[in-house]
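Engineer: quick one: sequence and predicted model below, then my questions.
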Amino acid sequence: AQTVTQSQPEMSVQEAETVTLSCTYDTSESNYYLFWYKQPPSRQMILVIRQEAYKQQNATENRFSVNFQKAAKSFSLKISDSQLGDTAMYFCAFMKLDNDMRFGAGTRLTVKP
Amino acid sequence: DTEVTQTPKHLVMGMTNKKSLKCEQHMGHRAMYWYKQKAKKPPELMFVYSYEKLSINESVPSRFSPECPNSSLLNLHLHALQPEDSALYLCASSWGEDGNTIYFGEGSWLTVV
């Protein structure tokens, strides 16, 4: 069974600064997908970024980027130029090829003005 | 348009009631999902439908009964629930192909009294 571990229950960052959220996972699969989702107080799950395991290049989406280390089974999210609207719960997720997606416990990020 | 619509947004039901949660998407997605999320916890996968067939059932109690009438609709029928079943129920959809991004609805808040 796949497990996803987010070791930072809570983090905070000053507005305009950079923060990195950690995620590790355990799997015996060779092909899979990794995601970061954001869940603001409205509880809507919003996709932040996605990474295919077969791609060595790290995914980027504007201020969001990942550091994907396949051998180490690590998938961290870096948020640059943090904004107040980035305050949310962030979930790391692992998906097998059969659409089975599992989430980590989440990291609550607070961006302070 | 990446919209998944869930109704009702809030539902209060007694333990002897029968009710249903509904989910609809018009993106042409062929996979649909139900997740359950308790407060301060990550979403937990309940069911996956792929091409209108149930492909994953995470050993969910029979008091939860999913139904996929067509590729755009997904229902979750509720009967004889317990207070501990109170949670946010998230519907989601994806193209159903390998690793396609899953898009979530805003959720249905269920309270069992």
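Structural biologist: Structure's in. What do you need?
Engineer: the lowest-mean-pLDDT helix or strand in chain B - contacts with which helices or strands?
Structural biologist: Least confident helix or strand, chain B: strand B:53-57 with a mean of 91, by mean pLDDT, DSSP states H and E. If contacts are counted by 3 or more Cβ pairs under 8 Å, 6 or more residues apart in numbering or on different chains; DSSP states H and E, strand B:53-57 sits against strand B:44-50, strand B:64-70. Using the backbone N, CA and C atoms, a C-beta is placed for each residue, glycine as well.
Engineer: mean neighbour count, the ones you listed: which tops it?
Structural biologist: Counting by mean count of other Cβ atoms under 10 Å in any protein chain shown, strand B:44-50 has the highest mean neighbour count of the helices and strands packed on strand B:53-57, with a mean of 20.
Engineer: who's in contact with the helix or strand of chain A with the lowest mean pLDDT?
Structural biologist: Least confident helix or strand, chain A: strand A:101-103 with a mean of 92, by mean pLDDT, DSSP H and E. Applying Cβ atoms under 8 Å, 6 or more residues apart in numbering or on different chains, the external contacts of strand A:101-103 come out as A:2-4, A:35, A:37, A:91-95, B:33, B:42-45, B:102.
Engineer: whichever of those residues end up buried, select them in ChimeraX.
Structural biologist: Here is the ChimeraX selection string for the buried members of those, based on 16 or more other Cβ atoms under 10 Å in any protein chain shown:
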select /A:4,35,37,91,92,93,94,95 /B:33,42,43,44,45,102
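Engineer: which stretches of chain B have low pLDDT?
Structural biologist: B:1-2, B:98-99 (pLDDT under 70).
Engineer: got the residues of it near chain A?
Structural biologist: B:31, B:33, B:37, B:41-45, B:48, B:50, B:55-56, B:88, B:90, B:92, B:94, B:96, B:98-107 (Cβ under 8 Å from any Cβ of the partner chain).
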